[in-house]
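sequence first, then the predicted structure:
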Amino acid sequence: MKKFTFLLLVIISICKQNLYSQQKYNFDIISGKDWKGFLTYKDFSSGKDVNIPVNIRLDNIAKYDYSVTLEFPDEPQANSIYLKSFSEDGKKFGDENIVSFSVEYGGKYTMFTEKEGLDNNRPADFRFTYKYSENEFSIKKEVKYKDENDYFVRNTFNFKIE
């Protein structure tokens with residue numbers, strides 16, 4: 001009987017942890033809304049920041065899964081739809097490792113993630129900063145090449161509800 005009780009407590013603990021890890025990110029406050037904004041990136045030839053209009057919509061399609069629709073009104077050939085999921089243990093968002101998460105007064109959330117990959121055909125580390133609330137949503141992507149010491153901002157998405 002003691003083994004059964006212990007096993008039951010372990011299962012309940014794991015279930016509560018998985019449920020908590022999904023709820024704590026509270027992506028429901030940005031899901032199902034039509035966000036309008038801009039993608040900002042540096043044009044390497046001119047050195048100037050470029051702003052491109054972009055719209056995004058995240059729809060919760062399953063327990064941990066979000067369908068992400070990106071629309072570029074001036075460049076529809078760049079439109080895309082993809083799936084982004086939280087891992088069951090709440091430690092990953094897509095292929096990114098969640099390194100920290102915070103909630104500020106007033107319902108402002110910040111999630112920091114990292115991953116490795118290639119940028120401009122060079123091995124690199126990536127950092128992503130997701131900031132969101134009821135009315136604002138942004139994603140900042142930073143890159144650090146493996147043979148360099150400092151990160152630089154590759155691009156930033158800034159959205160609002162109109």
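Thanks, I have it. All values reported here derive from a predicted model rather than from experimental measurement.

report the central residue of this protein.
For the chain, Y130 is the residue whose C-alpha lies nearest the centre (C-alpha atoms, centre = their mean; 5.3 Å).

could you check how far that one is from Y25?
Separation of Y130 from Y25 (C-beta to C-beta, to the nearest Å): 9 Å. Glycine gets a C-beta too; all of them are placed from N, C-alpha and C.

what residues are shared contacts of these two?
Jointly contacting Y130 and Y25 under the rule C-beta atoms under 8 Å, 6 or more residues apart in numbering are F93, Y109, M111.

show me what contacts the nearest residue to the last one once chain neighbours are set aside?
For M111, the nearest residue in space outside its immediate sequence neighbours is Y130; the separation is 4.4 Å by C-beta to C-beta, 6 or more residues apart in numbering. By C-beta under 8 Å, 6+ apart, the contact list for Y130 reads F93, Y109, T110, M111, F112, T113, S138, I139.

take the shared contacts of Y130 and Y25 and keep only those in strands.
F93, Y109, M111 (DSSP state E).

so which of those residues comes closest to P76?
F93 (27.0 Å; C-beta to C-beta).

hey, what's the closest one bridged with?
F86, E96 (DSSP bridges).

what is the neighbour count of it?
22 (other C-beta atoms under 10 Å).

any idea how far it lies from D49?
27 Å.
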